[in-house]
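Undergrad: sequence and predicted structure below; questions after.
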Amino acid sequence: MGSRSEELSLVPLHQRPELMEACAQLLGEEWGKSQASRLHSLQRSSDAFPICLVLLRSWGPAELPAAEKSPCQLLGHVRLSRVVGHPHSLFVESVVVPRALRGKGYGRKLMEAMEKYARAQGFHRLHLTTHDKQHFYAHLGYTLAEPVQIMAFLSSGISAKVLRIFSAHPSPATSNLGAWVPATTQPSLPPTMVPPPPPLPPLSWMRGAPAKSYGQNLLETPHCDAKGLPIFWMKKDI
């Protein structure tokens, strides 16, 4: 994939802030939204998650192509977020390669580098969703799965203790933490009154929801995204 001096590397975007604008443009060309909105999202990347990773191609000084003004080229982007209740899992999203470079194997290179990064950080499973690339991910070893909840855009200053609370499996002793407990004792409801609704679930974010209880296959899925479009949920143990 190029000359011997060519090198591919996956690096956190917040370690290469000079690539923010190019990355925002790449994402915008694929999914829209304003440049300012994309930049704001990318600037939240941190080692505490979610984290944006970029695949770069670099050349030695003597091998820099004449058309290139920079010693490195942006080949792809991917974002990783924590999964609620699964401390050893990550959610993969915003996987994109420049259109002019597709079909050259960089999508696979991006995913392989991302998996290697996730394993090095101590994670053992990856989850993702796709509208139409399920066959691509299946070739990479991903299998159909049920939806999970993800944590997105947590402050980089959030404590590890709070993060563990979000990521830990609920226990009987803490399963009712989401319920509101009044400061004073309230009188019991008369039999004719309608009881209040159940408490809201714990603070979390969920990408998509199951439409029915039956399963999915690589051609059909019972799941849909927030816009009502069919979406495939997949996972892989790494």
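TA: Cool, got the structure.
Undergrad: tell me where the protein is predicted with low confidence.
TA: Applying pLDDT under 70 to the chain flags the ranges 1-6, 60-70, 152-215.
Undergrad: one more pass at 90, please.
TA: Across the chain, the ranges flagged by pLDDT under 90 are 1-7, 32-35, 58-72, 151-216.
Undergrad: how about the helices in it?
TA: For the chain, applying DSSP state H gives helices covering 20-31, 35-42, 106-120, 134-139, 160-167.
Undergrad: turn the ones you listed into TSV, columns for distance to Gln149.
TA: Using the backbone N, CA and C atoms, a C-beta is placed for each residue, glycine as well. Listed next are the helices of the chain as TSV, based on distance: least, CB to CB, whole Å:
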stretch	distance to Gln149
helix 20-31	22
helix 35-42	19
helix 106-120	18
helix 134-139	20
helix 160-167	10
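Undergrad: would a markdown table of the ones you listed with mean neighbour count and distance to Val84 be doable?
TA: Putting these into a markdown table (neighbours: other CB atoms under 10 Å; distance: least, CB to CB, whole Å) gives the following:
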| stretch | mean neighbour count | distance to Val84 |
| --- | --- | --- |
| helix 20-31 | 16 | 24 |
| helix 35-42 | 15 | 20 |
| helix 106-120 | 17 | 17 |
| helix 134-139 | 16 | 22 |
| helix 160-167 | 12 | 6 |
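Undergrad: out of those helices, flag the one nearest Lys235.
TA: Between Lys235 and these, the shortest gap by CB to CB is with helix 134-139, which sits at 9.8 Å.
Undergrad: contacts for the closest one, please.
TA: Contact with helix 134-139 is made by Gly107, Leu128, Thr130, Leu144, Leu218, Phe232, Met234, as judged by CB atoms under 8 Å, 6 or more residues apart in numbering.
Undergrad: tally of neighbours for the closest residue to the first one other than its chain neighbours?
TA: With sequence-adjacent residues excluded and distances taken as CB to CB, 6 or more residues apart in numbering, Gly107 is closest to Val97, at 5.1 Å. Residue neighbour count, defined by other CB atoms under 10 Å, stands at 23 for Val97.
Undergrad: likewise for Ala145?
TA: 16.
Undergrad: over to Phe49?
TA: Neighbourhood size, Phe49 [other CB under 10 Å]: 22.
Undergrad: show me what contacts His88?
TA: Gly122, Phe123, His124, Arg125.
Undergrad: next: Gln25.
TA: Contacts of Gln25 (CB under 8 Å, 6+ apart): Gln35, Arg38.
Undergrad: where's it relative to Gln15, distance?
TA: Distance of Gln25 to Gln15, computed by CB to CB, to the nearest Å: 19 Å.
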